[in-house]
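1. Make a model of this:
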Amino acid sequence: MPDVSVDSSFDITSHMEIIMYKHSQRELELQTLRENAKRLKEIHSQLSKSLITLQENKVKLQQEIQTNNQWQLQLNASINNLKMVPTLFGVVNF
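-> Numbering: from 1, shown residues only. Below you'll find the model as predicted:
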């Protein structure tokens with residue numbers, strides 16, 4: 001067994017202090033990382049909700065576009081029918 005002298009014990013104490021300091025620094029780093037992870041999860045949750053809302057709005061707008069296109073086709077057909085009325089009565093350039 002090696003002989004432990006007073007100088008070795010001083011080195012051990014110094015070394016333990018360094019380890020304790022590094023350990024406390026790691027704990028602070030871990031705490032910061034946990035806080036950042038929690039904050040990022042909240043941001044992710046908000047962004048996910050926003051994405052769902054935007055996707056729902058996109059679907060609604062696509063349905064509105066289809067409805068508007070159908071209305072446009074019906075109105076164009078009605079306009080064309082109205083343009084035919086003067087020709088039926090023999091009036092040109094109405």
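2. Can you list the low-confidence ranges for the chain?
-> Filtered on pLDDT under 70, the chain yields the residue ranges 1-10, 86-88, 90-94.
3. So for the protein, the centremost residue is which one?
-> When the chain is reduced to its mean C-alpha position, the nearest residue by Cα atoms, centre = their mean turns out to be residue 47, at 3.1 Å.
4. tell me which element that residue is part of?
-> helix 6-88 (DSSP states H and E).
5. now that helix: how far from the chain's centre is it?
-> Mean C-alpha position of helix 6-88 versus that of the full chain (Cα atoms, centre = their mean, to the nearest Å) differs by 1 Å.
6. how much space between residue 35 and residue 18?
-> 26 Å (Cβ to Cβ, to the nearest Å). For glycine as for every other residue, the C-beta is placed from the backbone atoms N, C-alpha and C.
7. Actually, residue 38.
-> Counting by Cβ to Cβ - residue 38 and residue 18 are separated by 31 Å.
8. ditto for residue 50
-> Distance from residue 50 to residue 18, by Cβ to Cβ: 47 Å.
9. now swap in residue 75 and tell me
-> With Cβ to Cβ as the criterion, residue 75 and residue 18 are 83 Å apart.
10. what's the neighbour count on residue 31?
-> Residue 31 has 10 neighbours, counted by other Cβ atoms under 10 Å.
11. now swap in residue 23 and tell me
-> Applying other Cβ under 10 Å, we find 10 residues neighbouring residue 23.
12. For residue 47, give me its contacts.
-> Contacts for residue 47 (Cβ atoms under 8 Å, 6 or more residues apart in numbering) come out as none.
13. Quickly note the distance from it to residue 81.
-> Following Cβ to Cβ, the distance that separates residue 47 from residue 81 is 50 Å.
14. ok, now residue 25?
-> For residue 25, the distance to residue 81 - Cβ to Cβ - is 83 Å.
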